[in-house]
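Trainee: Here's a sequence, model it:
(2 chains)
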Number of protein chains: 2
Amino acid sequence: MPEIFDETFPEELTETGSARRRMMLMGGSAIAATAATRLLPESARAAVLGTAEQPIDFLFAIYPNGTLLDFAGPNEILSRIPNTKVRFASPEGGLVTLEKGVVFGPTEKLSDIDKVDVICVPGALNLSAMMKPEILGHVRRLSETARYVTSVCTGSIILAASGVLKGRRSACHWAFLNVLKDYGAIPDPARIVKDGRFMSGGGVTAGIDFGLAIAAELRGAQAAQEVQLLVQYDPQPPFHAGNPAEAPPAVRDVVYKKLPGSQNGLMRPVL
Amino acid sequence: MPEIFDETFPEELTETGSARRRMMLMGGSAIAATAATRLLPESARAAVLGTAEQPIDFLFAIYPNGTLLDFAGPNEILSRIPNTKVRFASPEGGLVTLEKGVVFGPTEKLSDIDKVDVICVPGALNLSAMMKPEILGHVRRLSETARYVTSVCTGSIILAASGVLKGRRSACHWAFLNVLKDYGAIPDPARIVKDGRFMSGGGVTAGIDFGLAIAAELRGAQAAQEVQLLVQYDPQPPFHAGNPAEAPPAVRDVVYKKLPGSQNGLMRPVL
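Mentor: Numbering: from 1, shown residues only, chains lettered A, B, ... in the order given. Next up, the predicted model:
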């Protein structure tokens, strides 16, 4: 079957100057929506992973009870940027039963993966499938050789538990943010956080913003923006309730009550 | 396994007044981000599907080569609102191989579904699996008895082809919007469109905004906003490139060139 959006940018591959032109500045604080208008500094240009002719292996490490949208969001971006292979792996391989009983796959077995360019660990409320020494060992092993180590939502807690985020700033779902401290990571409430080769997004839907940011890091801002237009990412939430500071008090208070500790970013995932 | 976000709002179930209080006005034009601050008119209250004690059957009609995020976005919202059962169906039932070769399921068989409260048809670049008289017949049959008939992205083209959108305004992915005219529907470029019991979202990522809007329609704005906070939907795209009017010309022109007809909303899906 033809896939119209696949390989749509062949002649863009060598236009690295243009592709990098609008790449945003990221320093670990929130990425301003106006960042796209800034010029790319030389230091950030250096971060682009070579030319688009060099394939990139991007791995989502998913697992039973994981949250679908945590990786479905960034996958929609990453699977459309040039010359990038998106792979999925899980502790047991094969099809994975996610939160709410939905099944996704296929996945490779995490222990079978030798090395990837980017590892991304998405989140869940129930992290138990990943919080085992052997599985955390594979996360650590792959993170040590990856050029970028990334996460969405509470996936950063898995990365932190594997030991690779010590002293590193990281994002997390707002309700769980301070749990990162338990593992020596530095909680950062920004929606997208970059600290060296570590990059992370906040809760669930932040995966789309993160996806665009890592796409720009890997292939330049031109390529990232082309995909943004393809997936019509021009968000217009009908309500202002996406973070505790902005949500109406009646909304925030109900959620605080239902998620113990969330008010202080200390909600606990199931480990 | 405990699922912390499940059934988190039991005492909210009878607070229908509160739940409906902030429900937004929707008239087919774009929903303003400020809509949440408006009071709910009586006519809109009537649209709330009874009390939260009455279960709602929400059906995603998915299919081979479909785009994952089109339904993964709204599913993340709908699967968390009170007393709402999210079901998935497909032409053949079972596991479905989507765009890019990812597998999702399980699904019921479309022909086995008797009746649902809400039908939602997500989109794809390749609609061929749905554009068969027998399958369109099931879409039409379920749409005739559903209280809400909805779509994301090019899913509206499937609804239109089934004959149920004649004379109705509908959203669609920007590049394909005017294809709706072929089936007697009225293209509306808004991100979320409501025309009576027909509700639709624009391209791919619009499914999240649509999901919040239909959640508010079904369960009131309080419930919708609680889920918005849970999934931290406080979008901060790193670039302004999500629609053709806003994208940098160099981005827009590349995408126009790659998607023939897209400049006039006349890109053709694979039928």
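
Trainee: show me the contacts for residue A:59.
Mentor: A:86, A:87, A:88, A:89, A:113, A:116, A:118, A:119, A:120, A:142 (CB atoms under 8 Å, 6 or more residues apart in numbering or on different chains). Where C-beta positions appear, they are placed from N, C-alpha and C, glycine not excepted.

Trainee: do that again at 10 Å, thanks
Mentor: If you count contacts by CB atoms under 10 Å, 6 or more residues apart in numbering or on different chains, residue A:59 has them with A:85-89, A:107-108, A:110, A:113, A:115-121, A:142, A:146, A:150.

Trainee: What about chain B: which of these touch it?
Mentor: The residues of the contacts of residue A:59 that also fall near chain B, by CB under 10 Å from any CB of the partner chain, are A:86, A:88, A:107.

Trainee: With residue A:229 as the reference, measure out to the last one.
Mentor: Counting by CB to CB, to the nearest Å, the gap between residue A:107 and residue A:229 amounts to 30 Å.

Trainee: Would you mind telling me which of those two has more residues around it?
Mentor: Legend: neighbour count by other CB atoms under 10 Å in any protein chain shown for residue A:107 and residue A:229, higher for residue A:229 (27 against 23).

Trainee: State the distance from residue A:129 to residue A:139.
Mentor: Note on residue A:129: its distance to residue A:139, by CB to CB, is 12 Å.

Trainee: Could you pick out the buried ones from the contacts of residue A:59?
Mentor: With neighbours counted by 16 or more other CB atoms under 10 Å in any protein chain shown, those contain buried members at A:86, A:88-89, A:107, A:110, A:113, A:116-121, A:142, A:146, A:150.

Trainee: Which of those residues fall within helices?
Mentor: Among these, DSSP state H puts residue A:142 in helices.

Trainee: Model confidence score at residue A:18, please.
Mentor: At residue A:18, the model reports a pLDDT of 32.

Trainee: hang on, I meant residue A:53
Mentor: Per-residue pLDDT puts residue A:53 at 71.

Trainee: Restricting to C-alpha, output stretch A:247-261 in PDB.
Mentor: What follows is stretch A:247-261, C-alpha atoms only, in PDB (Å, rounded to 0.1, in the frame of the first residue of the first chain):
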ATOM      1  CA  ALA A 247      -6.400  24.400  36.300                       C
ATOM      2  CA  PRO A 248      -9.500  25.800  38.000                       C
ATOM      3  CA  PRO A 249      -9.200  25.100  41.800                       C
ATOM      4  CA  ALA A 250     -12.200  22.800  41.700                       C
ATOM      5  CA  VAL A 251     -10.500  20.600  39.100                       C
ATOM      6  CA  ARG A 252      -7.100  20.700  40.700                       C
ATOM      7  CA  ASP A 253      -8.400  19.900  44.200                       C
ATOM      8  CA  VAL A 254     -10.300  16.800  43.000                       C
ATOM      9  CA  VAL A 255      -7.200  15.500  41.200                       C
ATOM     10  CA  TYR A 256      -5.000  16.300  44.200                       C
ATOM     11  CA  LYS A 257      -7.400  14.300  46.400                       C
ATOM     12  CA  LYS A 258      -7.500  11.300  44.100                       C
ATOM     13  CA  LEU A 259      -3.700  11.200  43.700                       C
ATOM     14  CA  PRO A 260      -2.100  11.200  47.100                       C
ATOM     15  CA  GLY A 261       1.100  13.200  47.200                       C
END
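
Trainee: Just the mean pLDDT for it, thanks.
Mentor: Average pLDDT, stretch A:247-261: 97.

Trainee: can you check stretch A:202-214 too?
Mentor: 98.

Trainee: Can you list the buried residues in that stretch?
Mentor: Neighbour-count burial for stretch A:202-214 flags A:202-214 (criterion: 16+ other CB under 10 Å).

Trainee: anything in it near chain B?
Mentor: Yes - using CB under 10 Å from any CB, we find that stretch A:202-214 touches chain B at A:202-214.

Trainee: Quick check: which ranges of chain A have low pLDDT?
Mentor: A:1-52 (pLDDT under 70).

Trainee: quick one: the helices in it?
Mentor: Using DSSP H, helices in chain A cover A:16-21, A:42-45, A:68-78, A:133-145, A:155-161, A:206-219, A:221-230, A:249-258.

Trainee: Any part of the fifth one near chain B?
Mentor: Pointing back at helix A:155-161 there. No - shown here: helix A:155-161 not in contact with chain B (CB under 10 Å from any CB), separated by at least 13.1 Å.

Trainee: how many neighbours does the residue nearest to residue A:100 when sequence neighbours are not counted have?
Mentor: Among residues not flanking residue A:100 along the chain, residue B:79 sits closest, at 5.1 Å (CB to CB, 6 or more residues apart in numbering or on different chains). Residue B:79: 21 surrounding residues under other CB under 10 Å.

Trainee: Also residue A:261?
Mentor: Neighbour count of residue A:261, defined by other CB under 10 Å: 14.

Trainee: Which residue is the nearest non-sequential neighbour of it?
Mentor: Of all residues not flanking residue A:261 in the chain, residue A:267 sits nearest, at 4.6 Å (CB to CB, 6+ apart).

Trainee: How about the contacts made by that neighbour?
Mentor: Counting by CB under 10 Å, 6+ apart, residue A:267 has contacts A:125, A:154, A:173-179, A:255-256, A:258-261, B:4.

Trainee: Could you do residue A:212 as well?
Mentor: Residue A:212 sits next to A:24, A:31, A:36, A:73-74, A:77-78, A:81, A:192, A:221, A:224-225, A:227-228, A:231, A:233, B:236-239, B:241-242 when contact means CB under 10 Å, 6+ apart.

Trainee: What of residue A:159?
Mentor: Counting by CB under 10 Å, 6+ apart, residue A:159 has contacts A:61, A:119-121, A:130, A:136, A:139-140, A:143, A:149-151, A:165, A:168, A:170, A:172, A:180, A:183, A:185, A:198, A:200.

Trainee: Quick check: residue A:111 touching residue A:141?
Mentor: Yes - in this structure, residue A:111 is within contact of residue A:141 by CB atoms under 10 Å, at 9.2 Å.
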